[in-house]
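> With the input below, show me the fold.
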Amino acid sequence: MGKNILIVTGSNYTDSVYQAFYDIKKLGHKVYLLSDGSFEPRPDVFEKHFIYNLRETKKTLDYMKNQPEKFDAVTIKTSEWLTPLVALLAKQYGCIGNEPIVAFNCRSKYHMRKALEKGNVPIPKFKLCKSYKELINGIKEIKTPCVAKPVGGNASYGTFMIRNDEDIAALKENYENSIKFLRAKAIDGDVFAFNKEEMDLIGVDGHVDMVIDYLVEEFMDGHEISVDALVQDGKVTMMGIEDQIRMAPPYFMELAGRVPYICSKEEITVIQDIIEKTIKAMGIKNSATHTEIIFTPEGPKIVEIGCRIGGDDLHETILQVTGYNLMFESMMIALGIPREYEVKTRCHTYMKFLMPKKNGRIKKIFIPEELKQNETIFDMDTIMAEGDEVGLPPERFDYIGYVTCKGKTPEEAEKNAEDASRKIEIIIQ
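I've put the predicted structure just below:
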């Protein structure tokens, strides 16, 4: 008998994600959509499109409770800020999913650190700071070099390093610029705070402001990777490991990424072990996960974990590299259908972010037609649009878009992506 599946999102989907919906419908299931109304989904995919202000968590729950439709599964793709809502909806309908507090702990870097600390997972030293004065005291306690990051941020928004007296002298300006940027994101982007009622509903111990509260953490010097995994009934399967290339400190925005990560079998075993310990410590039981790890001189340490599929190109990349559609798998896990995986490498990929070269307003983004026909390019997206204001740290933390290419070798994939990015014209006034 077919089941009703509710998909929650804050943005539209790619061809491969829609293919996952078509495939699940072929199995006899019905797919519904809950979004903020910021896009028009493809026709004839969803049985019904519910539109509501998803930033109002409690009101969204009440709105869905008053709908005649009931659901057997609730899931999400990459919208990190909506994972607590997904968990609350799953609980409201009695569906398989993570506990709401688990999803919240993945959203709040402070609560994440507390959960990992309790589970004896290797993490950096950290201190919660709710004001500039507390930030200064936190730096004194953790000691330089250290990193300041917003509790509820993502994509390295508002994250910066404090290395020496010169950075401390610029701290107030950097902190205030970051808060200003994050407040703007809280209005029109994917950073926002839960109110006290919503945190009480979730069961949060120790309220935080996801927009302006900061963590000071010990600086983790080393190479960074991310791991996308699927978890079903606590069993963890790694689906893809990305080798990340980031800005040189004091900022940490990602510039490019390679999949798969080339390393020894012994290193894969180490990664599998820390991923399993992290997922267990966080209490994640049934969902996709995205985890970031830094290999420090003391060993691997967890940067963060989310209970959702990795963002940007990662859904498309893992599909190209392994053949597995993570959106389809997420729906099957939410339905409670047992899954088995045999993950093999079919190609290599390289994703390159399109970054602003200066602060200003985008006058023109031109993508040549030849790139749209290029078979080595399987994912290309512009996050910003003509007329948008963009800039570089410390004033802003903007990505304009990205292009992802495949190849038979890591070198071929990287060359294809570099060649493609050079042909994209971006003019900033």
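
> Now for G152, how many residues are close by?
Burial of G152, expressed as a neighbour count using other Cβ atoms under 10 Å, amounts to 27. For every residue, glycine as well, the C-beta is placed using N, CA and C.

> The residue nearest to it when sequence neighbours are not counted and D23: what is the separation?
Taking Cβ to Cβ, 6 or more residues apart in numbering as the measure, G152 lies nearest to M210, with 2.6 Å between them; neighbours along the chain are not counted. When Cβ to Cβ, to the nearest Å is applied, the distance between M210 and D23 equals 35 Å.

> Compare these two (neighbour count), which wins?
Counting neighbours by other Cβ under 10 Å for M210 and for D23 shows that M210 has the greater number, 22 against 15.

> Look at the residue nearest to I377 when sequence neighbours are not counted and give its secondary structure.
Sequence neighbours aside, C405 is the residue nearest to I377 in space, at 5.3 Å (criterion: Cβ to Cβ, 6+ apart). With DSSP: H, G, I helix; E, B strand; the rest coil as the basis, C405 sits in strand.

> mind listing what C405 touches?
Each residue near C405 by Cβ atoms under 8 Å, 6 or more residues apart in numbering is listed here: T349, Y350, N374, T376, I377, F378, A413, N416, A417, A420.

> just how off-centre is stretch 97-112 within its chain?
Here the centre of stretch 97-112 is set off from its chain's centre by 14 Å, with Cα atoms, centre = their mean, to the nearest Å.

> do stretch 59-67 as well
For stretch 59-67, the distance from its own C-alpha centre to the chain's C-alpha centre is 26 Å (Cα atoms, centre = their mean).

> Confirm the residue nearest to G152 sits in a helix?
No: M210 is assigned coil when assessed by three-state DSSP, not a helix.

> Now for V147, which secondary structure element holds it?
Counting by DSSP states H and E, the secondary-structure element that holds V147 is strand 146-150.

> Which strands and helices lie in contact with that strand?
Helices and strands touching strand 146-150, as assessed by 3 or more Cβ pairs under 8 Å, 6 or more residues apart in numbering; DSSP states H and E, comprise helix 132-142, strand 160-162, helix 171-188, strand 214-218.

> Quick one: list the elements packing against the longest one.
What it means is helix 171-188. Counting by 3+ Cβ pairs under 8 Å, 6+ apart, the packing neighbours recorded for helix 171-188 are helix 132-142, strand 146-150, strand 160-162.

> List every C-alpha atom in stretch 316-328, with coordinates, as CSV.
Once non-C-alpha atoms are left out, stretch 316-328 reads as follows in CSV (Å, rounded to 0.1, in the frame of the first residue of the first chain):
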residue,chain,number,x,y,z
GLU,A,316,24.9,15.6,-7.7
THR,A,317,28.5,14.7,-7.1
ILE,A,318,27.8,11.6,-5.0
LEU,A,319,25.2,10.5,-7.7
GLN,A,320,27.9,10.8,-10.3
VAL,A,321,30.7,9.1,-8.3
THR,A,322,28.6,6.3,-6.7
GLY,A,323,25.4,6.0,-8.7
TYR,A,324,23.3,6.5,-5.5
ASN,A,325,20.6,9.2,-5.3
LEU,A,326,20.7,10.5,-1.7
MET,A,327,17.3,12.1,-2.0
PHE,A,328,15.8,8.7,-3.0
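
> That stretch - what's its average pLDDT?
Per-region confidence: stretch 316-328 scores 98 on mean pLDDT.

> For that stretch, which outside residues touch it?
By Cβ under 8 Å, 6+ apart, the residues outside stretch 316-328 that reach it are 13-14, 16-17, 19-21, 23-24, 77, 228, 230, 239-240, 242, 259-260, 288, 309-310, 315, 341, 343-349, 351, 378-379, 404, 406.

> What residues sit buried inside that stretch?
E316, T317, I318, L319, Q320, V321, T322, Y324, N325, L326, M327, F328 (16 or more other Cβ atoms under 10 Å).

> and the fifth one, which of the three is it?
Of the three states, Q320 takes helix according to three-state DSSP.
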